[in-house]
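Peer 1: A structural model of the following input is requested.
(3 chains)
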Amino acid sequence: MDLTEKVIAFRKRIIERSPLVHHITNYVVMNVTANVTLAMGASPVMAHAREEVAEMSALASALVINIGTLSRTWIEAMYLACEAARRKGIPIVVDPVGAGATKYRTEVSRHLLDCYVPSVVRGNSSEIRALIEEGSTTKGVDSIHTVDEVKSEAVNLAQTKKIVVAITGVEDFITDGEEHYCVRNGHELMARVTGTGCSATSVIAAFLAVTQDRSEYAIATAAGLAYYGLAAEYAARDHQAPGSFGIALLDWLYRLNDTHLREGIRLEQVQS
Amino acid sequence: MDLTEKVIAFRKRIIERSPLVHHITNYVVMNVTANVTLAMGASPVMAHAREEVAEMSALASALVINIGTLSRTWIEAMYLACEAARRKGIPIVVDPVGAGATKYRTEVSRHLLDCYVPSVVRGNSSEIRALIEEGSTTKGVDSIHTVDEVKSEAVNLAQTKKIVVAITGVEDFITDGEEHYCVRNGHELMARVTGTGCSATSVIAAFLAVTQDRSEYAIATAAGLAYYGLAAEYAARDHQAPGSFGIALLDWLYRLNDTHLREGIRLEQVQS
Amino acid sequence: MDLTEKVIAFRKRIIERSPLVHHITNYVVMNVTANVTLAMGASPVMAHAREEVAEMSALASALVINIGTLSRTWIEAMYLACEAARRKGIPIVVDPVGAGATKYRTEVSRHLLDCYVPSVVRGNSSEIRALIEEGSTTKGVDSIHTVDEVKSEAVNLAQTKKIVVAITGVEDFITDGEEHYCVRNGHELMARVTGTGCSATSVIAAFLAVTQDRSEYAIATAAGLAYYGLAAEYAARDHQAPGSFGIALLDWLYRLNDTHLREGIRLEQVQS
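Peer 2: Prediction:
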C-alpha cells in the first residue's frame, strides 16, 4: 500500500475506535495535548497518582510518557505506568523533553529507555543526541543540532534498543533500525507555539494505538508526524502568527480529509 | 418567574457581584476553567496548598472540587477546603472526573459525597453511575452510558444525600430529589474540546455563588448549564472545528445578552 | 535615546538572542506564559524539581518566580533557583500572585524579597501593598486598590530593597526608587483573561534578559509593559471578547513592528 494510503487508513481507524491514550505528561502542555488527542478522534486521559496509574494504563490503548516537568513522585508513577503498559502489551511513547539540558532529565530519559523499552522515543535532535552521547547539551527544551547530525546515531539507537526513534525538526526522520522514513510536512511557526513537540508525541500515540502489531510502529509514527505536519501547513495558510496558528492547528487536525492527505502528505521511505 | 428569566437574573447578579470562586481542580483544565469563570463575570482563584486552602475558601463565594488529576496531598487539601466551605456555608460543587475508571477516583468521589456533602455533584452518566453502583465503569474520562439510563438513580442519590445531582450529556438532567430539570442546550463539538465538562462545573459554581439559599441550588445549576449550552450553540454557528470553537465558546460566555437568552434557552422542569 | 526607541532596541535584541527564560510558575498560566515568551522571540523553559532547578537557572538569561499555585516543595525549588540565578548574576522577576489573600502567599512573597532580592517584583496594587503593609488584603488574585494608592509605598520599597517595583493596573507604575515610569498602554479586556498579569511578568523577564546591566532594569521593565500593553490594544481592535482577544494578544506580541511601536507606545518618565 502507498504510504499516503496508510496515513488515511490509520486516521480512519482512530476515528472508528476512538482509542484511549493515557498521558503522564508535563503541566505546560496537558491542555493542548488533550485537545490534540481529541481533535484526532482519540480519547485522552491524564492520571499520575501512583495509586491509579497502573489501572489507568491497563484501560488504555497507548501510553505517553513526557518528562517536561519532572519530579520524584511523577517519575515513580511513570515507571509504574510503563510496567502496566508492558504487561498489557500496549505501545509506549517517550518524549524526553529537555534531555541534555539537565543531568536529571538526561538520566531519567536514559533510565526509561534502558529499563522500560518504549515502542517509540520522539525528540528534537539535541534531545535524541543526549540519549546517546555523554555531555551532549540542549538549550532548555530547544534544539541546537540539526536532524542530519543525529541520523546515524538514531539508527544505531533504534537497532540496539529495538525501538523506533523519531527526530523531529525542519524535516522529521523516523527509524526502527531497519526501515527509515522522512517526513517533509510541517511549518516553521510550530517553533513559536509551546507544546508542538509534545503534541506530535500525542499524535504518534494515537496512531500507534490503532496498529496491528509492532511491525507497524515505524510507519505509524511516520504517518502520525506527516498528518500532524500537514495540519500545520493548512493552519499556516490563513494564520501567520502563533496564537491563531495554534488554534487553527487544532482545527485542521480535526478537519483534514482524504483529499487533503492525498494532495499534501510528503512522507517517503529513505536510505538512512 | 419564568425559568429563562431566572437564568437572566442569575447572570446579572454574577456580573454585579463578581463572586470569588475557589477551585481545587485538575492540571489539564485549570487555565480554561479560570477563563470560563472570568468570561462569566466571576473571579476565579486556584489554590491547593494545605497551608492556605481553608483561608482561601473562607474568602470565596463558592468552592469547586474537581478530581481530574488526583494525588494524596491534593485530596487532603480538598477535604480541608470542603470543611472551611461548610463552616462558611458557601456552596461546594464536586466534579468526579473519571469516577468509575479507577478505584482511586471512585473511592475519593464517594468519600467526598459521604463526608463533605457537597451542594452539587456534576458528572457524565458513567461518572454519576459510578458514585452509586459497585462495578460500574467509565472509559477514561468519557461516558459509556446515556443520561436516561442513570436518571432514576440520580434522583435516589439526590434524595438520600440531600444534594443536587447534575448529569450532563446530549441533554442534561438536574435533580435535587424533588424538582427535576432538563436542559436541551449544548452542541456535539463540546465532546471534542477538553475540559468542557469541568468548565460546566465552574459555570455552575458561578451561578450557585449568587443564590439566596439552598432552595435555589437546583434551579441555579440548571440555569448555569443552560447558559453554558447556549453559549456553545452560538460558538458552533461560526466555528465547526474544535480549536476555534473552544475560543468562541469563551467569547459567547462573555457575550450572551438577554435577547440571546430569551430566544435560545431550552430549560424546563420535568417529571423525573 | 527616546524611550520608544529603547523599547524597539530591547525587542530587537530579544529576537536576535532568543534568551532562555526559566520559569517556576503556577499551573494555571504555564501554557500561556510559555506561549507569550515564544511570541516575544524568547525561549521559555519550565522546571521545578529540586534536583534540576539550579542547573536550569544557570543555563538561563532570566528567572521568573511566580507563586500563583504554591506548595512546600515548589517553594524550596524557588529558593534553590533564586540562589543559582544570583550566583550567575541573571535577573530574577518575582510575581507575588495573591499576596494579601492568604498569610501563606504574603509570607512567601516577603521571604522572597527579604532573602533573595529579586531584580523586579511585579504585581497589582493589592499584591504590592501586601508586601509592605501588615493586614492589607487581596480579593483572591484580583486587586481591590488603585495604582495611585500604592505609588509612594512602592517607591519606598524600591529604595529600601534596591529593586524595581512594578504595579500594573489601568496605568502601570514602575520605579527603582530613583527613576519612575508610567505606562498608559493596555486594555480593559486583559482583566477578563486569566494569566495576563503573569504574562506581563514573563514579558518583563524577556526584556530584562537582554539588558546590559542593573542600571537598565527599570527602563527594561517599563519597556516590556508598554510593549505588552500595546499588543493588547491591537488585539482588542478586532476582538472584543476574551477568548479571541487572548489569542490575538499572542498574535500581536509576535507581530508588533517598529511602526506600530512608534505610533502606539505611551511610556514616559514621571515624578513619582
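Peer 1: give me every residue that touches the residue of the stretch 101-250 of chain A found nearest chain C.
Peer 2: Residue of the stretch 101-250 of chain A nearest chain C, by C-beta to the nearest C-beta: residue A:243 (2.9 Å). The C-beta positions use only the backbone N, C-alpha and C, and glycine is treated the same way. With contact set as C-beta atoms under 8 Å, 6 or more residues apart in numbering or on different chains, residue A:243 has these partners: C:35, C:39, C:246-251, C:254.
Peer 1: repeat the analysis, applying 10 Å as the threshold.
Peer 2: Residue A:243 makes contact with A:192-193, B:247, C:32, C:35-36, C:39, C:235, C:244, C:246-255 under the criterion C-beta atoms under 10 Å, 6 or more residues apart in numbering or on different chains.
Peer 1: next: residue A:193.
Peer 2: Contacts of residue A:193 (C-beta under 10 Å, 6+ apart): A:32, A:199, A:232, A:235, A:242-243, A:245-247, A:249, C:34-35, C:38-39, C:250.
Peer 1: leaving out chain neighbours, which residue sits closest to the residue positioned nearest the centre of chain A?
Peer 2: Nearest to the geometric centre of chain A sits residue A:201, at 2.0 Å (C-alpha atoms, centre = their mean). With sequence-adjacent residues excluded and distances taken as C-beta to C-beta, 6 or more residues apart in numbering or on different chains, residue A:201 is closest to residue A:95, at 4.2 Å.
Peer 1: okay, now the one you found: neighbour count?
Peer 2: 33 (other C-beta atoms under 10 Å in any protein chain shown).
Peer 1: distance of it relative to chain C?
Peer 2: Plainly put, residue A:95 is 14 Å away from chain C if you go by C-beta to the nearest C-beta, to the nearest Å.
Peer 1: let me see the confidence value for that residue.
Peer 2: Looking at residue A:95, its pLDDT is 98.
Peer 1: for beta bridges, what are the partners of it?
Peer 2: residue A:66 (DSSP bridges).
Peer 1: re earlier: next one: the residue of the stretch 101-250 of chain A closest to chain C from residue A:249, what distance?
Peer 2: Shown here: residue A:243 relative to residue A:249, a distance of 11 Å by C-beta to C-beta, to the nearest Å.
Peer 1: and for residue A:180?
Peer 2: For residue A:180 relative to residue A:249 (C-beta to C-beta), the value is 27 Å.
Peer 1: give me the more crowded residue out of those two.
Peer 2: Shown here are residue A:180 and residue A:249; by other C-beta under 10 Å, residue A:249 has more neighbours (29 against 21).
Peer 1: which residues sit in contact with the nearest residue to the more buried one once chain neighbours are set aside?
Peer 2: Closest residue to residue A:249 apart from its sequence neighbours, by C-beta to C-beta, 6+ apart: residue A:235 at 4.3 Å. Taking C-beta under 10 Å, 6+ apart as the criterion, residue A:235 is in contact with A:187, A:189-190, A:193, A:244-253, A:255, B:243.
Peer 1: quick check: residue A:235 is in a helix.
Peer 2: Yes: read with DSSP: H, G, I helix; E, B strand; the rest coil, residue A:235 is one of the residues of a helix.
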